[in-house]
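Trainee: Compute the structure for the input listed below.
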Amino acid sequence: MNNHNDSGERLEVAQARFGYAVGARLSEASEQLPPDITQALARMRAEAVARRREPAPAWLQRGPAAVLGGRRGESPAWRARLGLALALPTLLFGLYALQHFQQERFVHRIADIDTALLLDELPPQAYADPGFRHYLRQGD
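Mentor: Next up, the predicted model:
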């Protein structure tokens, strides 16, 4: 475990040294830039700083509460309870509707078979014959 901490610290130190080296190299290179590029960079930096100082829109300042429609500092616990309270009846209704649909399909299939049996010219005993069932399976 100690080895893991040492390697993490070494990595942070190496990253910091790399950052300082890159910063120093950029500072050296910026002294060699032509004046027009230096002025353009200074102007762009000033614009970026000015934009950074502008306040963000109110809906963006509220953070995650903005998505849920709440205010900063307001507890979203009641929204979670409301969502759960609405989700459970919706799930139960969906399961009931699915079961009802499946049952209706089954009843319609049985009714179609009964109708075919009643309208057919074959006697009902023919349908009970195992050879006839085999004949029907081969026809599919």
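Trainee: Where does the prediction get shaky in this structure?
Mentor: 1-5, 54, 56-76, 139-140 (pLDDT under 70).
Trainee: Just give me the longest helix of it.
Mentor: In the chain, assigned by DSSP state H, the helix with the most residues is helix 77-119.
Trainee: Now tell me what touches the next helix or strand after that one from outside.
Mentor: Stepping forward along the backbone from helix 77-119, the first helix or strand reached (DSSP states H and E) is helix 124-128. Contact partners of helix 124-128, identified using C-beta atoms under 8 Å, 6 or more residues apart in numbering, comprise 117, 132-133. Yep, even glycine has a C-beta here, placed from its N, CA and C like the rest.
Trainee: quick check, nearest of those to Leu84?
Mentor: Comparing the contacts of helix 124-128 against Leu84 with C-beta to C-beta places Leu117 closest, at 49.8 Å.
Trainee: And for the closest one, the neighbour number?
Mentor: 11 (other C-beta atoms under 10 Å).
Trainee: Distance to Glu12 added to the contacts of helix 124-128, as TSV?
Mentor: Below are the contacts of helix 124-128 laid out as TSV (distance: C-beta to C-beta, whole Å):
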residue	distance to Glu12
Leu117	82
Phe132	82
Arg133	77
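Trainee: I'd like the distance between the residue lying farthest from the centre of the chain and Leu98.
Mentor: Within the chain, Pro123 marks the point farthest from the mean C-alpha position, 58.7 Å out by C-alpha atoms, centre = their mean. According to C-beta to C-beta, to the nearest Å, Pro123 and Leu98 sit 39 Å apart.
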